[in-house]
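A.B. asks: Just a sequence and a predicted model for now, questions to come.
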Amino acid sequence: LILEDLLFVLMGIEGVHITYHPDYSPEDDDPLQGIRFAVCLTDPSIRDLVERLLPLATYYTAISAFVESRSHLEFGLVNHALCAAIRDMLKV
């Protein structure tokens, strides 16, 4: 169940034991900062291990938001090409 939550979180979706941080608000927060997650586990060893992996999920959501918001041609050809390359890397 924890592994399933970790897989969901690494895709930017909250799970059962790993949820969005209580301070997170999709309307108020900047999507380029990424989504912060909180762990609701009682076992300290598993909680510590999961908390070490959570920054990866935050970075993934920030990069995904950047690609979605800045991939248009109005931001320039270099930015468009960068977003296309990042999108290709995230698919793998």
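C.D. replies: It's in. Numbers count the residues shown, from 1 in each chain.
A.B. asks: For Leu54, which non-adjacent residue is spatially closest?
C.D. replies: What sits nearest to Leu54 in space, not counting adjacent residues and going by Cβ to Cβ, 6 or more residues apart in numbering, is Phe37, at 5.0 Å. All C-beta spots, glycine's among them, are computed from the backbone N, C-alpha and C.
A.B. asks: Apologies, that question was intended for Thr58.
C.D. replies: In space, and not counting its chain neighbours, Thr58 is closest to Gly34: 3.9 Å by Cβ to Cβ, 6+ apart.
A.B. asks: before we move on, back to that, report how many residues lie close to the residue nearest to Leu54.
C.D. replies: Look at Phe37: counted by other Cβ atoms under 10 Å, it has 23 neighbours.
A.B. asks: do the same with Ala38
C.D. replies: Counted with other Cβ under 10 Å, the burial measure for Ala38 works out to 15 neighbours.
A.B. asks: Touching, it and Ile18? I think so.
C.D. replies: Yes: counting by Cβ atoms under 8 Å, Ala38 does reach Ile18; the two are 7.3 Å apart.
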